[in-house]
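[1] Dropping a prediction and its sequence here:
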Amino acid sequence: MARGDDIEGALIECLPALRRYAMVLTRNAADRDDLVQETLSTAISSVRGFDRSRSFLPWLLRIQHNLFVTAWRRRRRVLHQDIEIAVDDQVSRRAEVQDVLRALATLPEEQRQAIALIALEELTYAEAAEVLGIPRGTLMSRLARGRQALREALDRPVAGLRLVNGDKS
Amino acid sequence: MTRDDVLTPEIIGALHDGELSPEETSRVLRSLLADAAARTELEALAATHRRLATALDDISAPASGRDLRLVSRLAQRLADRPMIARWGPQAFAAGLAFAGGLAFGSFVEEISPWAVPSIVEEASQAHQVFVYDDFRPVELGPGSAGVMAEWFSDHLHARMSLPDLSGLGLRFIGGRLLSSEVGPMAQLVYEDALGIRVAVYAAESADTGDGEVETVTVDDLVAGYWRQGDVVYTVIGDHEWQRVIDIATQMGHGPVDDPQP
């Protein structure tokens, strides 16, 4: 297999993680798709900044995270205090998914990001700390607080939530 | 040591995530054996983790055709990306020829390619890692110039001032301190109006005194370096011999005349 094919295969394996983390960041399926594509476009123009001794996933997640935090979010609608969670039809059929998304959405953004990188993407603490641009100790604190808050949120109904079905208006 | 010291929520989380060393793991497991509440906490954490992972595994959804096309382009760019070259005669000869074409032949001292200081090689590697980073090319911005000068001076054991290259159309965007084989190395990044970046590196020199500027190429980067007092400076840019020479000139090492017979 050519080297380019190896690289492409490794990058394709990163896509589900990129899409999950984008969903956690944007909380919206359409915006998730846009953010993932913008992440890949930015990576194409930032190839020189990639250290080949590292894995692709932390590099791409870091680009995605920084895009969201520094630029992308400002161009998008401001999330309402009354949290909206958009899920597609396939996902909406599953009450469990909705419950988890609702609970996750109640967490402060910094805790949600930390949990997503560790629990969903199984990054090491060092990789997740690099993606978020924070020290390892700060990551551990955010994780601990976030996990506690998530557990509490999953154990009780959350007020002020409104489920929308992909409607971004 | 109390339970609160050993079995903090952070430590229990790190145990679950496999982030503790073998020694730490043994210690925490021993503590867990004697602490039912902490065990319950760990089990609850694991259950939440499983619930979260299972539920959110569904939200990734299949990648789109556009995702895959972008991935393909990215893979191609990564495959084409040149590795950092070793310093070699070919690259060196090309550099000399190029510089000679600019009528600065006498400015470039002919040296053995194997005599290139490791600090220059390390600077080129740091250059490729940091300077092209879109998000955080520098650690401290231009507003911290005074702090940087003091920081660098302390570590390089030489009085450092940050070069003002605005006369060459280069805006200072910041810098950072790096480690190198010979000790601390300062990296100062500049950018022109088109966003093209060039960087100046400074490290403590093993020798003292001033030396002539020497130039080399490494892949698509060009570098000029020289010794000035107790410091060895390196300038690195993209295909920009003239700019490297201009910067060296600005910093006090202009072209030298041919030695008279």
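    Structure received. Numbering: from 1, shown residues only, chains lettered A, B, ... in the order given.
[2] residues near A:Ser41, how many?
    Neighbour count for A:Ser41, taken as other CB atoms under 10 Å in any protein chain shown: 16. Where you see a C-beta, it was placed from the backbone N, CA and C, and this is true even at glycine.
[3] Wait, B:Leu70 touches A:Thr42, no?
    No - judged on CB atoms under 8 Å, B:Leu70 makes no contact with A:Thr42 at a distance of 10.1 Å.
[4] which one of those two has more residues nearby?
    Neighbour totals were compared for B:Leu70 and A:Thr42, and B:Leu70 leads with 22 against 19 (other CB under 10 Å).
[5] the strands in chain B, which residues?
    Assigned by DSSP state E, chain B shows strands spanning B:171-180, B:183-191, B:197-204, B:214-218, B:221-228, B:231-238.
[6] For chain B, which residues score under the pLDDT cut-off?
    Along chain B, the model assigns pLDDT under 70 to residues B:1-5, B:57-61, B:81-117, B:208, B:218-220, B:239-240, B:253-261.
[7] What number of residues are in the vicinity of B:Glu10?
    Neighbours of B:Glu10 (other CB under 10 Å): 18.
[8] State the distance from it to B:Val200.
    Noted for B:Glu10: a distance of 42 Å to B:Val200, by CB to CB, to the nearest Å.
[9] Give me the phi and psi angles of the most centrally placed residue in chain A.
    Per CA atoms, centre = their mean, the C-alpha nearest to the average position across chain A is that of A:Tyr21, at 2.1 Å. Main-chain torsions, A:Tyr21, degrees, to the nearest 10: phi -70, psi -40.
[10] can you point me to the longest helix in chain B?
    Counting by DSSP state H, the longest helix found in chain B is helix B:36-56.
[11] helices or strands up against that one?
    Applying 3 or more CB pairs under 8 Å, 6 or more residues apart in numbering or on different chains; DSSP states H and E, one finds that helix B:36-56 contacts helix A:3-26, helix A:95-105, helix A:136-155, helix B:9-16, helix B:22-33.
[12] how about these in TSV, adding distance to B:Gly143?
    Shown next, in TSV, are the helices and strands packed on helix B:36-56 (distance: least, CB to CB, whole Å):
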stretch	distance to B:Gly143
helix A:3-26	29
helix A:95-105	37
helix A:136-155	24
helix B:9-16	34
helix B:22-33	41
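[13] Run a quick neighbour tally on A:Arg19.
    By the criterion of other CB under 10 Å, A:Arg19 has 24 neighbours.
[14] Quick check: it touching A:Gln37?
    No - between A:Arg19 and A:Gln37 there is no contact under CB under 8 Å: 10.4 Å.
[15] Show me what B:Asp238 is bridged to.
    B:Asp238 forms beta bridges with B:Leu221, as assigned by DSSP bridges.
[16] Who are the contact partners of it?
    Neighbouring residues of B:Asp238 by CB atoms under 8 Å, 6 or more residues apart in numbering or on different chains: B:Ile196, B:Arg197, B:Val198, B:Asp220, B:Leu221, B:Val222.
[17] ranking those by neighbours, who comes first?
    Most neighbours among these, by other CB under 10 Å: B:Val222, with 27 neighbours.
[18] surely that one meets B:Trp241?
    Yes - with contact defined as CB under 8 Å, B:Val222 reaches B:Trp241; the gap is 5.4 Å.
[19] residues of the longest helix of chain B that come out buried?
    Neighbour-count burial for helix B:36-56 flags B:Ala38, B:Glu41, B:Leu42, B:Leu45, B:Thr48, B:His49, B:Arg51, B:Leu52, B:Ala55, B:Leu56 (criterion: 16 or more other CB atoms under 10 Å in any protein chain shown).
[20] and of the contacts of B:Asp238, the nearest to A:Ala149?
    Distance to A:Ala149 across those (CB to CB) is lowest for B:Arg197, with 42.0 Å.
[21] Next one: that closest one from B:Phe130, what distance?
    Relative to B:Phe130, and taking CB to CB, B:Arg197 is found at 10 Å.
[22] repeat for B:Thr8
    B:Thr8 sits at a distance of 35 Å from B:Phe130 (criterion: CB to CB).
[23] Neighbour count for those two, which is higher?
    Using other CB under 10 Å, the more surrounded residue of B:Thr8 and B:Phe130 is B:Phe130, with 21 against 16.
[24] Does the more buried one touch B:Gly175 like I think?
    No - assessed by CB under 8 Å, B:Phe130 is found out of contact with B:Gly175, at 9.7 Å.
[25] who touches both of the two?
    B:Val138, B:Gln187, B:Val189.
[26] Can you report how many residues lie near the first one?
    The burial count assigned to B:Val138 is 20, neighbours taken as other CB under 10 Å.
[27] tell me the phi and psi of it?
    phi -130, psi 160.
[28] Quickly note the distance from the nearest residue to it once chain neighbours are set aside to B:Phe152.
    Leaving out its chain neighbours, the residue that sits closest to B:Val138 by CB to CB, 6 or more residues apart in numbering or on different chains is B:Gly174, at 3.0 Å. Distance check for B:Gly174 against B:Phe152: by CB to CB, it reads 12 Å.
[29] more neighbours, the two?
    B:Phe152 (25 against 21).
[30] And that one, how far from A:Ala17?
    Look at B:Phe152 and A:Ala17: by CB to CB, they are 39 Å apart.
[31] One more: B:Gly183?
    Shown here: B:Gly183 relative to A:Ala17, a distance of 39 Å by CB to CB.
[32] Which of the two has more residues huddled nearby?
    Higher neighbour count among B:Gly183 and A:Ala17: A:Ala17, with 20 against 13, using other CB under 10 Å.
[33] Which residues are in contact with that one?
    A:Ala17 neighbours (CB under 8 Å, 6+ apart): A:Leu57, A:Leu61, A:Leu120, A:Glu121, B:Ser60.
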